[in-house]
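Student: okay, here's the prediction I keep looking at, along with the sequence it came from:
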Amino acid sequence: SKWKLPPGPKKLPIIGNLHQLHDLPPRNLSQTYGPVMLMRFGFVPVVVISSKEAAEEVLKIHDLDCCSRPETEGTRKISYNFKDIGFAPYGEEWKAMRKLSVIELFTTKKFHSFRYIREEENDLLVKKLMDSASKRSLVSLKRTLHALVGSIVCRIAFGINLHECEFIDEDSIVDLVHKSEILEMTSMFSDFFPGGIGRFMDWISGQDKRLDHVFSELDTFFQNILNDHLKPVRRDGERYGIINVMIDMMEQERDGDSFKLTTDHLKGMISDIFIAGVSTSAFTMIWAMTELIRNPRVMKKVQDEIRTNLEDNKERITEQDLSKLHYFKLVVKEVFRLHPAVPFLLPRETISQVKIQGYDIPTKTQIMINVYAIARDPKLWTNPDEFNPDRFLDSSVDYKGLNFELLPFGSGRRICPGMAMGITLVELGLLNLLYFFNWGLPEEVEAERIIIKDNDMALDLVQVTRH
Ligand code: HEM
């Protein structure tokens, strides 16, 4: 009773607020209970943060106290028992894995050395789209953009070329990404009722079997990547990529090393890069195309800028071309604002007791930061639901983790380490789509229905024509 806990909706006996789990997404419950709202899902206390000030307190002032991750059955599987980066608890292993990923993938030197892969894969996509345009066939944004990002990420991180790989092709990537999303989002009884009862209910309801089934397909893919790296011919020949480096580290390990890499760490790394890298970047591009097709004024403005600043009849877009554009970058920023790929960030867990906005938050409480709601807060944004990149013309607000009203990549110790790669994937992909082609809704679709009624649904099938 001496604790000042945050307000929150009434909790039912045992289940707490589980019946309201699906009301959570956009903004509804927080509007009633305020920006720091306490809920209880089964036995698990969860605080939902939905104001800029409270997010800043969590991610800046209490960053260390709030930077662990809660455990769920789905994330236990996908992270190979928390031997990855994204779902690992805060500690030495997490630090070592994160450092490894930064050194092998994201340093400026590494990043630039992979430029030709990004440009080459975009070039291949343009050729395919030219073909669709000449045949006047519709293009699926979802398939096309998942395949583009999947090809780039697999080539850069795993040294695997999807166009000639024996165990995976571009089409299977979309299905695998979908499976990984199911795994991340599936709620198990044992997540809310830790211990025997929860596990028993998962077994009775068949939920654990369903989860195992989805996981086994992903695991096969990750195992194939690993096997491919262990082949003698591969080991002697092409030896780039973070997985090769990790295998070398495993082979050279000495007694007394504080951190021992295992196969679970290898698969955890593959899983993270694949899941975190592919679906987020593709999601952002799909929404960018959706918003531009729905808003012809902005589409015209951005294409005019692109086509005026880049010379005519270019054969190939390069990453240097990105630096010539200003409004284009505001379009991307506005997409990150309206459609954050991870609307609640990845959940955090408190390591010790903290005070947020004057409320006491106990140790081992889950913290969900509703960056979706903050980026549409009418106190911070004029006409927040409107897609209007011009709002950033005279604004210094950016999305790199320092402005707490716009956090598509999170902030603090757990900020997305792949941010630079994600931004480049999105910008380069979009620039190719917008320079070479014109886009529209399929003729048979009632434009009005899509534009007005399905505001929360991204487009899939669209019409492409050559510029
Ligand atoms: C547009 C693209 C992307 C977006 C919007 C995005 C967004 C995010 C967000 C919101 C988080 C959680 C941050 C937090 O909890 O504060 C995250 C974490 C992470 N992202 Fe990204 N990401 C993108 C691209 C990538 C790419 C390309 C990679 C790697 C190839 C990547 C790897 C990761 C990893 C490993 C984590 C976990 C970090 C940790 O827990 O320490 N992301 N990302």
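Tutor: In hand now; what should we look at?

Student: please count neighbours and contacts with C-alpha atoms only from this point.
Tutor: OK.

Student: residues near Arg466, how many?
Tutor: The number of residues packed near Arg466 is 15, by other C-alpha atoms under 10 Å.

Student: any idea which helix or strand comes after the lowest-mean-pLDDT helix or strand in the chain?
Tutor: Across the helices and strands of the chain, mean pLDDT, DSSP states H and E gives its lowest value to helix 447-448, namely a mean of 56. Sequence order places strand 461-466 as the next helix or strand after helix 447-448, per DSSP states H and E.

Student: what about Leu18, how many neighbours?
Tutor: 18.

Student: so what's it closest to, chain neighbours aside?
Tutor: Phe41 (4.8 Å; C-alpha to C-alpha, 6 or more residues apart in numbering).

Student: what's the answer for Thr284, then?
Tutor: Ala341 (6.5 Å).

Student: quick one, what contacts the one you found?
Tutor: 280-281, 283-284, 408 (C-alpha atoms under 8 Å, 6 or more residues apart in numbering).

Student: state the helix or strand in which Leu434 lies.
Tutor: Using DSSP H and E, Leu434 falls in helix 419-436.

Student: mind listing what's buried in that helix?
Tutor: 419, 421-436 (16 or more other C-alpha atoms under 10 Å).

Student: what sits up against it?
Tutor: Contact with helix 419-436 is made by 106, 111, 118-119, 122, 126, 149, 277, 280-282, 284-285, 288-289, 303, 306-307, 317-319, 322, 329, 332, 400, 409, 466-467, as judged by C-alpha under 8 Å, 6+ apart.

Student: phi, psi for the residue in the stretch 1-150 of the chain that the ligand sits nearest to please.
Tutor: Here the stretch 1-150 of the chain gets closest to the ligand at one residue, Gly86, 3.4 Å apart by C-alpha to the nearest ligand atom. As for Gly86, its main-chain torsions (degrees, to the nearest 10) stand at phi -60, psi -30.

Student: now do the SS call for the closest residue in space to it that isn't next to it in sequence.
Tutor: Closest residue to Gly86 apart from its sequence neighbours, by C-alpha to C-alpha, 6+ apart: Asp272 at 6.6 Å. In three-state terms, and counting by DSSP: H, G, I helix; E, B strand; the rest coil, Asp272 is helix.

Student: isn't Asp272 up against Phe82?
Tutor: No. If you go by C-alpha atoms under 8 Å, Asp272 and Phe82 don't touch, sitting 10.7 Å apart.

Student: who has more neighbours, these two?
Tutor: Phe82 (21 against 17).

Student: which pLDDT value belongs to the closest residue to the more buried one other than its chain neighbours?
Tutor: In space, and not counting its chain neighbours, Phe82 is closest to Ala88: 4.5 Å by C-alpha to C-alpha, 6+ apart. What the model reports for Ala88 is a pLDDT of 97.

Student: if we can go back for a sec, filter the buried residues of helix 419-436 down to the ones close to the ligand.
Tutor: Counting by C-alpha under 6 Å from any ligand atom, 419, 421-423 from the buried residues of helix 419-436 sit close to the ligand.

Student: can you list those in JSON lines and add pLDDT?
Tutor: Output for those, formatted as JSON lines (pLDDT from 0 to 100):
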{"residue": "Met419", "pLDDT": "96"}
{"residue": "Met421", "pLDDT": "95"}
{"residue": "Gly422", "pLDDT": "97"}
{"residue": "Ile423", "pLDDT": "97"}
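
Student: just those residues now: which is nearest Asn227?
Tutor: Met421 (26.2 Å; C-alpha to C-alpha).

Student: circling back to that earlier point, what about whatever helix or strand comes next after the helix holding Leu434, distance to the chain center?
Tutor: Using DSSP H and E, the helix or strand that follows helix 419-436 in sequence is strand 437-440. Distance of strand 437-440 from the chain centroid (C-alpha atoms, centre = their mean, to the nearest Å) equals 26 Å.

Student: for strand 437-440, what is the average pLDDT?
Tutor: Strand 437-440 comes out at a mean pLDDT of 96.

Student: packing partners of that strand?
Tutor: Strand 437-440 sits against strand 461-466, with contacts defined as 3 or more C-alpha pairs under 8 Å, 6 or more residues apart in numbering; DSSP states H and E.

Student: what does the helix or strand hosting Lys333 rub up against?
Tutor: Here Lys333, judged by DSSP H and E, is contained in helix 327-338. Helix 327-338 has contacts (C-alpha under 8 Å, 6+ apart) with 284, 287-288, 291, 302, 305-306, 372, 375-376, 385, 387-390, 392-393, 398-399, 406-408, 427.

Student: give me every residue in the stretch 351-467 of the chain lying close to the ligand.
Tutor: 408-411, 414-419, 421-423.

Student: gap between the residue most central in space within the chain and the ligand?
Tutor: Central residue check for the chain by C-alpha atoms, centre = their mean: the C-alpha nearest the mean position is that of Thr280, 3.3 Å away. Thr280 is 5 Å from the ligand, where distance means C-alpha to the nearest ligand atom, to the nearest Å.

Student: mind listing what's buried along the host helix or strand of that residue?
Tutor: Taking DSSP H and E as the definition, one finds Thr280 inside helix 263-294. Residues of helix 263-294 classed as buried by neighbour count (16+ other C-alpha under 10 Å): 265-294.

Student: secondary structure class for Tyr90?
Tutor: Relying on three-state DSSP, one would call Tyr90 coil.

Student: check contacts around it.
Tutor: With C-alpha under 8 Å, 6+ apart, Tyr90 has these contacts: 67-69.
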